[in-house]
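Q: Have a look at this prediction, sequence included:
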Amino acid sequence: MPTILIFGAGKSASYLIDYLADSCAQGERKLLVADLDPSQAASKLQGRSHTQAVAVNLDDQDSRRSLIEQADVVISMLPAGLHPIVAGDCLELGKHFFTASYESEALRSMRPEIEAKGLLFLNECGLDPGIDHMSALKIIHEAKAKGEVICSFKSYCGGLLAPESEDNPWKYKFTWNPRNVVLAGQGTSKFLDHGEVKLVPYQQLFKRVENISFPGLGDFDGYPNRDSLNYQTIYGLEQVDTLLRGTLRRDGFCKAWDVFVQLGMTDDTAVLKLPAGSTYRQFLNTFLPWSEQHSVEEKLAEVIQDLDFPTFEKLQWLGLFESIPLPLTEGSPAQLLQAILEAHWSLQPADRDLIVMQHQFEIQTQSGIKKVISSLVEEGKDATYTAMAKTVGLPLAIAVDLFLKGEISLRGLQLPVVPEIYLPILVALEEVGIRFEERVVD
């Protein structure tokens, strides 16, 4: 009986666990879900047959490997830094390995041995990365099959709130790892624009936004994400003139977030040790010039010269001008800011999140340039069954299901960028309502 092992039963794993647990109902498979808190895993398994919740100590090699030895396929839903550790165990023990996370250099270094052992290590099979690859490449490969040429490709994705849950001026709450949100964009973003390589340093990133619209949902801020140039080869777009992958936030979010960036509040290298009892207002004042004559608000307006009312309102809503005790007084500025945000941006039980993704193509056809927009909009059910969990977990679950059925025969270190992987996954996703709407625009 094939055995599937999932490491991690956090909030992003609900749909993944449900899908694979249901596939075990006929007794032809077994599912193990390992977590530091086995009660969390058990609550998601709900006592379904041929499933088991187990405890694991991830720092204990014997604890990890004893579980991996029982499995045929291992899925890691752990923080990205732990993937290479689990992957290394899988490689040594001869087990197949799946994640929704970016393929790392540590995984790439394992490629020769993965291939030599005839294993499949599939990464980037979630939402972004994952569904973005699959949906884009379907269009790219179809165009190439017709002899058409992709001239421009832009792709944006965001995890946000359904309109009825946008109950704060930021129109945002955490639907994913808060730390990743606070540190998003650090480094230099790279992309291709009309044949020219463009670099955007972190200090300029949230000023360089593009307006992205979705019918019925309105406007969003889109900003460049990481190194888009890597995808020229992955997507087979070596001749493309424009190539950009970006992140979406509601319009106005980026201007307000840029205040944190310009002040240094997202810095994760410095260490702050503020006095016990320090307040939000004192934390903000830490990043402003000293003055006896001017208030915190006046000093902020002097430092951030384009501070407008909508931006001020967002900062005010977070309580940054008030004498609220800080939830954390020691750590990096980014850690203290994260603690403040978590107190205000946590999903409430009835909140519904929203996934929005949009691909924008300019395609040279025999009759001229054709502009194609392909959009995905997915709303969550509640704070447990989120659209984020659905779009991250289901592609991964479907890939494992197809693999165990023998419908994916590829081996080696793979991404879902080949038709054998992405076509059946996209079909299965459509069956559960995750589908793209394509339209040709003038």
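A: Nice, I can see it.

Q: Tell me which stretches of the stretch 1-150 of the chain form strands.
A: In the stretch 1-150 of the chain, the segments counted as strands under DSSP state E, counting those that start in this stretch are 3-7, 30-35, 51-55, 73-76, 96-99, 120-122, 149-161.

Q: how near is residue 91 to residue 189?
A: 33 Å (CB to CB, to the nearest Å). For the C-beta atoms, the positions are set from N, CA and C on the backbone; glycine is no exception.

Q: Which of those two has more residues huddled nearby?
A: A count of neighbours by other CB atoms under 10 Å puts residue 189 above the other of residue 91 and residue 189, at 24 against 19.

Q: For that one, list each beta-bridge partner.
A: residue 200 (DSSP bridges).

Q: Kindly state the pLDDT recorded for it?
A: As predicted, residue 189 sits at a pLDDT of 96.

Q: Might one say that it is in contact with residue 225?
A: Yes. Between residue 189 and residue 225 there is a contact under CB atoms under 8 Å: 6.6 Å.

Q: is it fair to say residue 370 lies in a helix?
A: No. Going by DSSP: H, G, I helix; E, B strand; the rest coil, the assignment for residue 370 is strand, not a helix.

Q: how deep is it tucked in, by neighbour count?
A: Residue 370: 15 neighbours (other CB under 10 Å).

Q: which residues sit in contact with it?
A: 148, 361-364, 440 (CB atoms under 8 Å, 6 or more residues apart in numbering).

Q: Equivalent analysis for residue 100, please.
A: Counted by CB under 8 Å, 6+ apart, residue 100 has contacts 77, 123-127, 129-130, 392-393, 395-396.

Q: mind redoing it with 7 Å?
A: Counting by CB atoms under 7 Å, 6 or more residues apart in numbering, residue 100 touches 125-126, 130, 392, 396.

Q: Check residue 259 too.
A: Counting by CB under 7 Å, 6+ apart, residue 259 has contacts 304, 311, 315.

Q: repeat that for 6 Å
A: Contacts of residue 259 were listed using CB atoms under 6 Å, 6 or more residues apart in numbering, and they are residue 304.

Q: how much space between it and residue 186?
A: The value you get for residue 259 to residue 186, if CB to CB is used, is 16 Å.

Q: count of neighbours near residue 418?
A: 14.

Q: ok, for it, nearest residue in space, not its chain neighbours?
A: residue 410 (6.9 Å; CB to CB, 6 or more residues apart in numbering).

Q: Centroid-nearest residue for this structure?
A: residue 128 (5.3 Å; CA atoms, centre = their mean).

Q: just to revisit the earlier point, need the strands of the stretch 1-150 of the chain in TSV (columns: distance to residue 321).
A: Shown next, in TSV, are the strands of the stretch 1-150 of the chain (distance: least, CB to CB, whole Å):
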stretch	distance to residue 321
strand 3-7	43
strand 30-35	40
strand 51-55	45
strand 73-76	42
strand 96-99	42
strand 120-122	48
strand 149-161	24
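
Q: Show me the shaky parts of the protein.
A: Within the chain, no stretch falls below the threshold (pLDDT under 70).

Q: name the helices or strands packed onto the longest helix out of those in it?
A: Longest helix in the chain, counting residues (DSSP state H): helix 387-404. If you count contacts as 3 or more CB pairs under 6 Å, 6 or more residues apart in numbering; DSSP states H and E, helix 387-404 packs onto helix 14-22, strand 353-365, strand 368-379, helix 419-431.

Q: Turn these into a markdown table, including distance to residue 286.
A: Output for those, formatted as a markdown table (distance: least, CB to CB, whole Å):
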| stretch | distance to residue 286 |
| --- | --- |
| helix 14-22 | 39 |
| strand 353-365 | 32 |
| strand 368-379 | 39 |
| helix 419-431 | 46 |
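
Q: Give me the nearest residue to residue 146, chain neighbours excluded.
A: Counting by CB to CB, 6+ apart, the residue nearest residue 146 is residue 365, at 7.6 Å.

Q: so that neighbour makes contact with residue 148?
A: Yes. In this structure residue 365 lies within contact range of residue 148 using CB atoms under 6 Å: 5.1 Å.

Q: And these two? Which one has more around it.
A: For residue 365 versus residue 148, neighbours defined as other CB under 10 Å are more numerous around residue 148 (16 against 12).

Q: In contact with the more buried one, which residues are there?
A: Here residue 148 is in contact with 363, 365 (criterion: CB under 6 Å, 6+ apart).

Q: Also the one 3 residues further on?
A: When contacts are counted by CB under 6 Å, 6+ apart, residue 151 touches 241, 362, 364.

Q: Nearest residue to it in space, please, no chain neighbours.
A: Nearest one to residue 151, counting by CB to CB, 6+ apart, is residue 362 at 4.5 Å.

Q: repeat for residue 244
A: Nearest to residue 244 is residue 191, by CB to CB, 6+ apart, at 4.1 Å.

Q: do you know how far the one you found is from residue 132?
A: For residue 191 relative to residue 132 (CB to CB), the value is 15 Å.

Q: do the same with residue 236
A: When residue 236 is compared with residue 132 (using CB to CB), they lie 15 Å apart.

Q: Same drill for the two, tell me which one is more crowded.
A: residue 132 (21 against 15).

Q: what's the distance between that one and residue 44?
A: Distance from residue 132 to residue 44, by CB to CB: 26 Å.

Q: quick one on the thing from earlier: which of the strands of the stretch 1-150 of the chain sits closest to residue 265?
A: strand 149-161 (21.7 Å; CB to CB).

Q: Give me the buried positions along whichever helix or strand comes after the closest one.
A: Later in the chain than strand 149-161, the nearest helix or strand by DSSP states H and E is helix 178-182. Neighbour counts using 16 or more other CB atoms under 10 Å place 178, 181-182 of helix 178-182 among the buried residues.

Q: I would like the residues contacting helix 178-182, please.
A: 266, 334, 338, 342.

Q: Next, the residue nearest to the second one when sequence neighbours are not counted: phi, psi?
A: In this structure, residue 334 finds its nearest non-sequential neighbour in residue 268, 4.1 Å apart by CB to CB, 6+ apart. Dihedral pair for residue 268: phi -110, psi 20, per degrees, to the nearest 10.

Q: Count the residues that sit near residue 268.
A: Using other CB under 10 Å: residue 268 sits among 15 other residues.
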